[in-house]
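> Below are the sequence and a predicted model for it; my questions follow.
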Amino acid sequence: MELVRGRKIREILLHNQNWWLFYIAYAHLIRVDILTNIIKILACGTQFMGCHTYLCFNCNTTKVVFHTCKSRFCVSCGKKATEAWIKKHLQLLPQTTWQHVTFTFPQQLQPIFWLNRHLITKMVPIPARIITKHAMSMGVIPGIFVAVHTFGRDLKRNLHFHLSTTLSGLSIDKTTWMPKLRFNRRKLAIIKAQWTSTIITLLRNEYNSGNLVLPKNITEQQFFQYLDSYKHRPSWVVHFAKPSDNHYRTIIYLGRYLKRPPIGETRITDYDGSNVTYSYFDHHDKSLHSMALSVFDFIKRLITHIPDRYFRMVRYYNWLSTRTRNQYLPFIYQALNQIVKKLQELSWRELFFKNFGKDPLACPCCKNTVMLLI
């Protein structure tokens, strides 16, 4: 029996020509952006990506460092991007009270959005507009960012949105820092109703404009009746987490999913050459489960969540938007008696040292750390 090399995603794709055979079978269904990212992953850290060559001037030893792919679907590159994103936002966002809100909708409507991926872009601003509207009715303009999640822990398609909002903010005239907001039960019910009606209206408008592809189980004659049947389902959920004076936990939570593959390789517990087994935590019964899939099914679930090129997984609103944050953040930091932090990016060398405890440019022979680029 052939020896299976390991449980790394790239090794699974390469073993037994899994990716090539999958591509032959499903080439007509695979998006160009999926192909681009898979090619990057397979070439990451190899001669195909190019390299830098360093020289130790003490003993004339040379060292070649191959370039990485920079794909957020790549495990190693995603780790670097995640750490950079987390560090940036810990420095950028003001220390004040934040509240995390999750927006979901019925699973039965999910196929419509997966067949019409352009709708996801139109959906992202909706939670921000709803929360902003209610905050402004209380005299406050909050800082908001929204993150798109497309998967559950079992890798199934599960499109939903995570919103983080400050519970204090600028006054309507943008001259004063206002005290904390409070979303009472009545407001929560109104927010949920608005979320439901806005998504239903979006689908109706897209259908009337001729921009909607329907799943095979829904006919054109049934579509509006189908939407109406889901208007009042309890599976429309707007969940408000407990407010926190520290945004660190939210940033860490979101960062793990925004810049990395939908599954960490430590969760892949077995690969026997034909099937992949991975573990996941189920929030419903609060227990750890295991799932075994054929290689092709595993690849299908994995690549579904590769976003289109230039699609932004995080969007910023109000005074946190990239267009206005430089104007308002200095004033906000001053109002909160906080110091504006300078954003400092770690170089690849510093990040390598942080993660592995050794200098990647140390000479392997004389241990001299002054290897220079040639």
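Right, received. Where do you want to start?

> What distance do you get for Val238 to His134?
Taken as Cβ to Cβ, to the nearest Å, the spacing of Val238 relative to His134 amounts to 11 Å. Where C-beta positions appear, they are placed from N, C-alpha and C, glycine not excepted.

> ok, how many other residues are close to Asn326?
8 (other Cβ atoms under 10 Å).

> can you check Leu203 too?
Leu203: 20 surrounding residues under other Cβ under 10 Å.

> cool, Gln99 as well?
Neighbourhood size, Gln99 [other Cβ under 10 Å]: 21.

> Was I right to think it contacts Ala241?
Yes: at 6.6 Å, Gln99 and Ala241 qualify as touching, with contact defined as Cβ atoms under 8 Å.

> still on that earlier bit, so which of Val238 and His134 has more stuff around it?
For Val238 versus His134, the count of surrounding residues by other Cβ under 10 Å is larger for Val238: 23 against 17.

> any idea of the mean pLDDT in the helix or strand hosting that one?
Element membership for Val238 (DSSP states H and E) is strand 237-240. Per-residue pLDDT values across strand 237-240 average out to 93.

> now swap in stretch 351-368 and tell me
In the prediction, stretch 351-368 has an average pLDDT of 81.

> Off-centre distance for it?
Distance, stretch centre to chain centre, for stretch 351-368: 31 Å (Cα atoms, centre = their mean, to the nearest Å).

> can you tell me which strand in this protein is longest?
Criterion DSSP state E: the longest strand present in the chain is strand 157-170.

> export that strand as PDB, just CAs?
Included here for strand 157-170 are C-alpha records, laid out as PDB according to Å, rounded to 0.1, in the frame of the first residue of the first chain:
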ATOM      1  CA  ARG A 157     -22.100  26.600   3.000                       C
ATOM      2  CA  ASN A 158     -23.500  29.000   5.700                       C
ATOM      3  CA  LEU A 159     -23.500  32.600   4.600                       C
ATOM      4  CA  HIS A 160     -23.900  35.000   7.500                       C
ATOM      5  CA  PHE A 161     -22.600  38.400   8.600                       C
ATOM      6  CA  HIS A 162     -20.700  39.500  11.700                       C
ATOM      7  CA  LEU A 163     -21.100  43.200  12.700                       C
ATOM      8  CA  SER A 164     -19.100  45.000  15.400                       C
ATOM      9  CA  THR A 165     -20.300  48.400  16.500                       C
ATOM     10  CA  THR A 166     -19.200  50.900  19.100                       C
ATOM     11  CA  LEU A 167     -21.900  51.600  21.800                       C
ATOM     12  CA  SER A 168     -20.800  55.200  21.900                       C
ATOM     13  CA  GLY A 169     -19.900  57.500  19.000                       C
ATOM     14  CA  LEU A 170     -20.000  60.900  17.300                       C
END
